[in-house]
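**Q** with the input below, show me the fold.
(chains A, B, C, D, E, F and G, ligands or ions: 2)
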Amino acid sequence: MLIVMALLVGALGAAAFYLLLARSSLKLLFGLLLLGHSANLLILTSGGLVRARPPIVPRGALEPPAGHADPIPQALILTAIVISFAVLAFAAVLVKREYDLTDTDDTEDMRQTWL
Amino acid sequence: MAEAADIATALLLGVGGLFCLLGAAGIVVMPDVYNRMQAASKAVTLGASSIALGAAVHFGEPEIVSRCVLVCVFFFVTIPAASHLIARAAHRSGLPLAPETVIDECPRNRDDATS
Amino acid sequence: MNIFLINLLLAGLWVASTGAFTYGNALLGYAVGFLVLWWLRPLLGRAPYFRKVPLGLWFALLFFCEVIKSNVRVAWNVVFPWSGRRPGIVAVPLDARTDLEIAALANLLTLTPGSLCLDVSEDRRTLYVHSMFVDDPDTVRKAVKDRLERRILLLLR
Amino acid sequence: MLWMILIPLVAAPAAPWLVRRLGRHVGPLLALVPIGVGLALAIHLPMEPGTWRLEVLPWVPELGIHLAFRLDGLSITFGLLISGIGALVLTYAGGYMGDDPRLGRLCGLLLMFLAAMLGVVFSDDLFVLFVFWELTSIASWLLIGFKHEQAEARDSARMALLVTGAGGLALLAGLVLLTAAAAGSGIPLDRATRISALAGVGLSGHPLFTPSLVLIVVGAFSKSAQMPLHFWLPRAMTAPTPVSAYLHSATMVKAGVYLLARLNPVLGDSGLWHVLLTLTGAATMLVAAVMAAGQSDLKRILAYTTVSVLGTLTMLIGVGTDLAIKAAVVYLVAHACYKAALFMIAGSIEHATGTRDVRRLGGLGRAMPVTAASGLLAALSMAGAPPLFGFIGKELLLKAKLDLEYLGVVLALTAGLANVFLIAMALVVAVRPFLASRTVAAPDAHEAPPAMLAGPLVLAAAGLFVGLVPGVFDAALGSAMASAIGGRTIIMKLKLWHGLDPAALTALLISAVTLALGFAVFLRFRAGLSRLAGRFARLGRHGPARAYERLYGGLMDLAAAVTRATQNGSLRRYTRLVLLALVATCVYPLSRAVPLESVGPVEWGWHEAAVAILALVGAVTAVLSRSRLSAIAMVGITGILIAVLFALFSAPDLAITQIMVEALTVILLVLIFHRLPAFSHLRTTAARLGDAATAAAAGAVMSLMVLVAVAAPLPATVSAQMARLSVPQAKGRNVVNVILVDFRALDTLGETTVVAVAGLGVYALVKLSRRARGEGGKP
Amino acid sequence: MNSPVFQATTRVITPLLLSFSLFMLLRGHDQPGGGFIGGLLAVTAFALYALAFDARSARRLLGVSPRLLTAVGLSLAAVSGVPALWWGEPFMRGLWLPLALPSELKLGTVLLFDVGVYLTVLGSVLLTLLTLSEE
Amino acid sequence: MLVALPILIPLIAACAGLAAAGSRPLRRAFALLGAGGLLVAAMVLFARVWTRGTQVLHVGGWPAPVGITLVADPLSALMVLTAAVLNAAVTVYALGDIDARRQRHGYFSFIHVMLGGVCGAFLTGDLFNLYVWFEVMLISSFVLMVLGGGRPQLEAGTKYVTLSLMSSALFLSGVGILSGIAHTLHMADLAGRLAVAAVERPWPATCAATLLMLAFGIKAAVFPLHFWLPDSYHVTPPAITAVFAALLTKTGVYALIRVFGLVLPPSPYLFGLLAAIAAATMLMGVLGAVAQIHVRRILNVHIVSQIGYMVMGVALLGAPDPATRRLAIAAALFYVVHNMVVKTNLLLVSGAIRAMTGTELLAGLGGLATRAPLTACIFLVSALSLAGLPPSSGFWAKLGIIQAGFEARAWLLTLTALGVGLLTLLSMLKIWNEVFWKPAPADGPVIALSPRRRMLLLSPAAALTVLSVLIGLYPAPLLKAARRAADGLLDRPAYMAAVGLDAGGTPRGEPAGETGP
Amino acid sequence: MPWWLDIVAGSTVIALVLATARLVRGPSLADRVVALDVIAVLGAALTALWAIRYDQRVFLDVTVVLALVSFIGTVAFAYYMEKGGR
Ligand code: NA
Ligand code: NA
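**A** Ligands and ions are numbered 1, 2, ... in the order given. The predicted structure is shown next:
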């Protein structure tokens, strides 16, 4: 399963990178989105995959059942998900405003800053 | 009692799985988006609800049952609205009907719809 | 509606007094409360409540059967596509007036496999229904009006 | 001693203010500052050879650097020259600038330079010396560019600063290496930067010694305009004449010579030192002298002769015998006197006639008798005619050469040949304008004002005085200075007439011959020889100066080309570079780290595999999709399926959050995209394939990274601790949530801040850029 | 979107979603849920309303300015760590009221923090969506 | 609590500024209060650290590897103090530079949040928390980058955002892999555990370290990851550029120093790579600067070049001799502080130039040496300082780096550093000749500044100039601080003891074969 | 673990595959949105199944949220299509 997850991480990453290499600024957003997924899955997999044993203490117990999943990567991913959502929202609006101003989504046209 | 619950669970799950499969097959086989929606919005939802009810019966705890009932209620409230919205949007945006369609009494243009 | 609240209160009392906080017990409490209230009908005056609860139950049962039936039909059609498919969009004139009535009708119609509420006209007088089996548009119209709209209006008005 | 540096430094910013208050007569007033310094130095006279006074203040103890100042024969001589000539130049500047409002700035910069130069010669700490060294470069740059409205002045200033700056860098590197060598030879850090502590220690065995020597010598050469780094000095003549007189003849350019002299006891025990200095010095001496003859601008002629003399001095230090050091001492002092005088005279001539072109000058003797007299004296000193100080210097020089076992005669002849040209140029500069027939178109030429007369007169007289009574000099300072340079006691007994020993006679003979030849060259100045020299000078223009231009231009072109090629504004290219960097840097460590056996402990599950594959299908379809909205739907699917994976791998909180975020992302993207066009496919197929390859490689890196991470894990003790603490201490059963709101609540606070800022940012972006667009931002 | 079907459905679902979001917020410490999930659910409730009717109605329904909500939420989250200092505990130490509620819910500064997160997420994400849909 | 104040004060000031969005005086008051409060807090913190040693706050009261620890060691305290000083200067400047509508839409709040993020990044003792603060910093910088701008700002924003987010993803991946290897995020704990793990298998940590190096490299703008910077930094108002230049890239450098100095086990491969990167960065940056014809772009590309010097300090961590390593880090830190001061100052001056002339193109400028002698002086001192000429802070920075380079026997790298110093001088001369010495073009606009605006624009620059010269004249205190910071950074056991871990780290089980709890 | 659970889960996964096929095939956006909706619902079904299979009640929380939220996405797409996009 590890291999599958590792492949998924890499494939999502490759898809993201491919989109990031596109000239359309709209595609950049998708690239960033997928890149976030890839990184999150990377953390999850690196932290060790455990099937169906969430780190939740049963009512009345003092500790989660033995063999539970590592909660730390989960907390990290949660934070990362929210952060990348917020940042992506901003980036998306940015791309849109830019499109509004320039009537193009081609990043190769974004050379106005270049003298 | 426990055995009866198990049988009920198995029954519900079996029906659910079957309908899920059939519904999904429907959206593959059906000729146009309206027909596909028919298959999807009914069969799959019924299947999923059935599985949720199966879970409710399996666990039998009030907490779980309320959750599963909530799922079913939600499905039954939202699925029609969702299909309606999609179908309406599809029709309004001029998505063609399948060739075997026998009749279309709905005007394509929004403005005509009022008259 | 007031009576419904009283009924709920009675159910709650039942659950509290029996001390068993389960769904089954709550349902039982509701049923007991309903019976008590039905018994005390004269006390409460003419209320549609007592008519609507059994009506609603009956309607739910019918509707459930309808859903299963049409589901099977759709499923059959999926598995055996050659078994005949005559999709079409039919305009159904509406007796339902309020948004709630229309929404209820549209939702139930859509939940019934084989038919789908496509649109409502701007003046809310016509419902456009997509059906998978349009042998005859008028049959479809009639089915919608008789099987669904009439019962819904009965229940809601 | 610090105060001697600080007072002029403090006076420098006051100068503009004073000038604004008091006008042009402030020159002599400001001259009191260096005069005071000079007097304070004079107290130490006569200086006992081989002794010095040291003053040490703490400065940067971490680096072993102290404000260490040393007074010995060398530094006092230089100090006296700097302050004395400084006083004269300040006085002169008042006359030269007249009522020009920039006089204040000029005086201020001169004072700043004076302070820096004093710092250079007093410092006993290598790095303190360097600090002042660079300050002199900066002051020189500002002074060369003084008339900055002229493009030539700006360019010359830049050239001077770049060349001396490059030398400064070499020097710095050399000093650092020398210090390292010293520290490596067991000298404690506190003393490793101190010249007096390093003298005679014998560091030449250390491997860092040779590079440090070369670098230091290069630094000194750049400052002292040794071939091939000399070309900036003639160009520096764009500076006002007082500046030329002060910086570019008497003082700053001698800083390099000073440094060589100062470090002679430290570095002088190496053969390389002798070879480098002697050969470079000799070459510079000869070539510059010849090139001087090709010039027609008074100041340029003087500049080239200065270069020549600097070469001579370098050569003498390189030779390093007692005699050579004595010669260097005398020659240095004599040159400082007469060359400063000549520059000031050139300035006076220009002041009077408005030109510096020798070909147009003549017959000024009557109109400017005092200037003419001092010019004559200075020129004779330069020519090395008896009984002037220059004569003693030249005699010593020739004797020192002849004294050598190898190459002595060659060097002596070279020196003689150079001398021929120097003599000729001395006559051209200081005799011809006064005595030749009147050719200048300046009938109203008049004697310079007194402020401008004092300098040349005093300096020329000093040359005469010391020439007549040389014993005064060597008793007071000369021997001490020579001892300081030599690092051993050298007693000088200067005489105008050396008696009749064979060496002296030979020297005298050569001297006489050169005088005669020089006079002949002078007489032929206008005719063939000057043309020959002119041709030679043109050749020189193709030399290092040309190399500098080439280098400068090439650098500009290179910079432009590199920038055009890389910084081309294409985001795509920047991204690709990042990805290529990712692949390139990770390949090697991954190849070492990936364990092939790490299939992992998690058993195979086909549900998960199917979900994972479907998620991937969604992503790939999104990549290939032509419609934006379909792409949104597809990444939506990917997100949801990843959420399902999260759920399966024991992370319900993650799954739920992911689902919520996915739904909101879809809403957001739909809201944003609903007015935008379809994806444009802009890349060529080849580009797309290339991108795909890059992306695939980068993705493979990520995959391998995962395998690396899971291969050899340590036990998760922190998680275990958290799980233990969660219920009893943090009162929560959902450990993930407890981490988020308690154990690592700070993370969550930061994350919440991100969310808040993103929302507020979107608001500001939309509201404000709408305004910007309303204001006509649309092109 | 002017659809009676959809609008009626939204009227039913919005309160459902909102109460579920509060439920998720409050149970987060013991079960999956918490401030983020709750806040995002609340956002979906209002976003749905905005889609069914329009952004202005959604703003009216919310009642407070989303910007204010964001600022208040962020301040609440940041300040919830301060009370601990009063009792000489380190910054952000969780304090709990010794009050037994008839459920698993425990009152304390940690809950306050989660509520701050909830409000910030609700305010900020909603601000984004409403700003965009009002364009 | 003192340790948390540099994070909390800006955050609270940001909230207050948002709440006071309607009132201009109140907004400006909060801006100054926030900057001043941060400055005071930073000074008190620095003094406390200086006198009593490393200050530690276990946030939430959780002991070291469980909770997040804020650690103010000399390095962090020094960085926070520098950031606070520069922020104060730029805030004063911004009051005269930033237009009203940007202020109304929360300019100062965003700046404050960014400062909170920067201070958080400096102070945190937790790797993932560092990521979070980086993101806080980034999102506010995104907003600031595009705030109120037209097309150029949005274009620049797109590039900046895209590459920054790539950096974030790499950072996150690196953290994920490190935590997968060591199962902890606390820097001290990670250091201990990775050291144990690296004994037998050094390469897994190196892989993660490579990712972190790339991530921080993008943030710090090192070659070949720097291209976003020259394309984006010049489009904002100068005050924003100044703050970016002062803080953002330097945070990347700080992260490199912190992570490579404290957390990661030494990796010769990466140190070699870093050395090459450092040399290329210096060279490419300065070549870029030489090529530019726009004042602020020259200065911005220079940021890149200067980063090379700082990275060189990190690369010299590969030196075998511990004393050399300490020297290198101390020199790099000195360089960082010097460069933050000087570069900020130059950008402020460039802003003043723009305010006075309305242009930043060299061709349109001229004659300012006579027209604005004070500005000229300020620029000159800072420019020479940037080129490493005495008697300014730049000289000691350069000297330190070169000493370290030679001591580490990194000849080529050090010679590059030296040569680049000359090119730096060249490009500064370019500005000087064109802007100050060249006669003003005939049609060049002359904008008269009100005395109040002039004061707001120039007084911070003058103050920073004095600071640079003071450091140059009396470098001992900063040198000592840099030394102590370097010693504190490289003394791993002391750091671990300060945060409450014993030298071996937490009690841990056998590192054999176990995969999870 | 009863064998029939695996069969049900298997058929759900197959349904998932079929829905994804529709997602990929399209051809219209409406088709894809329908597929999206179906996939979300199937995800809910799958998590409910896993709740039983792994005896983990928390899966059902995921089920609930999936059920609640899938609707929103559909609405958003419909909103877009109404505005005339495709
Ligand atoms: Na949570
Ligand atoms: Na749905």
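
**Q** show me which residues of the helix or strand where E:F23 lies are buried.
**A** According to DSSP states H and E, E:F23 maps onto helix E:4-27. For helix E:4-27, burial by neighbour count (16 or more other Cβ atoms under 10 Å in any protein chain shown) applies to E:4-10, E:12-14, E:17-18, E:20-21, E:24-27. For the C-beta atoms, the positions are set from N, CA and C on the backbone; glycine is no exception.

**Q** quick one: mean pLDDT for it?
**A** On average, the pLDDT along helix E:4-27 is 89.

**Q** keep the buried residues of helix E:4-27, but drop any that are not near chain B.
**A** Checking these against chain B by Cβ under 8 Å from any Cβ of the partner chain, the ones in range are E:V5, E:F6, E:T9, E:V12, E:I13, E:F20.

**Q** low pLDDT regions in chain E?
**A** E:100-104 (pLDDT under 70).

**Q** next, the residue of it found nearest chain D: secondary structure please.
**A** Ranking the residues of chain E by distance to chain D (Cβ to the nearest Cβ) places E:S124 first, at 2.9 Å. What DSSP: H, G, I helix; E, B strand; the rest coil gives for E:S124 is helix.

**Q** list the contacts for residue 5?
**A** Just so you know, I chose chain A. By Cβ atoms under 8 Å, 6 or more residues apart in numbering or on different chains, the residues touching A:M5 are A:L41, A:L44, A:T45, A:L49, D:A612, D:V706.

**Q** chain D was what I was after
**A** Per Cβ under 8 Å, 6+ apart, neighbours of D:I5: D:A115, D:L118, D:G119, D:F122, D:F132.

**Q** F:G117: what secondary structure?
**A** F:G117 carries the three-state label helix when classified by three-state DSSP.

**Q** for burial, what's the neighbour tally of it?
**A** 30 (other Cβ atoms under 10 Å in any protein chain shown).

**Q** now do it, the pLDDT please.
**A** pLDDT at F:G117 comes out at 96.

**Q** residues in chain E within reach of ligand 1, list them.
**A** E:G28, E:G34 (Cβ under 5 Å from the ion).

**Q** give me the residue from chain E nearest chain B.
**A** Counting by Cβ to the nearest Cβ, chain E gets nearest chain B through E:T9, at 3.9 Å.

**Q** could you check how far that residue is from E:S3?
**A** Distance, E:T9 to E:S3, using Cβ to Cβ, to the nearest Å: 9 Å.

**Q** between those two, which contacts overlap?
**A** Residues touching both E:T9 and E:S3 (Cβ under 8 Å, 6+ apart): E:A52.

**Q** show me the contacts for D:R724.
**A** With Cβ under 8 Å, 6+ apart, D:R724 has these contacts: A:L62, A:E63.

**Q** how about the secondary structure of it?
**A** Going by three-state DSSP, the secondary structure assigned to D:R724 is helix.

**Q** that one and B:H84, how far apart?
**A** Using Cβ to Cβ, D:R724 is found at 52 Å from B:H84.

**Q** SS state for the nearest residue to D:L704 once chain neighbours are set aside?
**A** Distance criterion Cβ to Cβ, 6 or more residues apart in numbering or on different chains; nearest residue to D:L704, sequence neighbours excluded, is D:L590 at 4.8 Å. Under the three-state scheme (three-state DSSP), D:L590 adopts helix.

**Q** can you pull the contacts of D:L590?
**A** Applying Cβ under 8 Å, 6+ apart to D:L590 gives the contacts D:V701, D:L704, D:M705, D:V708, F:C207.

**Q** look up how far G:Q56 lies from the closest residue to D:A647 other than its chain neighbours.
**A** Leaving aside its sequence neighbours, D:A647 sits nearest to D:A655 (Cβ to Cβ, 6+ apart; 3.8 Å). According to Cβ to Cβ, D:A655 stands 12 Å off from G:Q56.

**Q** neighbour count for those two, which is higher?
**A** Neighbour count, other Cβ under 10 Å: between D:A655 and G:Q56, D:A655 has more, with 31 against 19.

**Q** for the more buried one, pull up the helix or strand it's in.
**A** helix D:652-673.

**Q** could you do C:V129 as well?
**A** strand C:126-131.

**Q** what's the next helix-or-strand element following that strand packed up against?
**A** Remark: after strand C:126-131, the chain's next helix or strand is helix C:137-143, criterion DSSP H and E. Helix C:137-143 sits against strand C:88-93, with contacts defined as 3 or more Cβ pairs under 8 Å, 6 or more residues apart in numbering or on different chains; DSSP states H and E.

**Q** that older thread, ok, and the closest non-adjacent residue to the residue of chain E closest to chain D?
**A** Here the residue nearest E:S124, using Cβ to Cβ, 6+ apart, is D:G759, at 2.9 Å.

**Q** do B:V44 as well
**A** In space, B:V44 is closest to B:G23, 3.5 Å off (Cβ to Cβ, 6+ apart).
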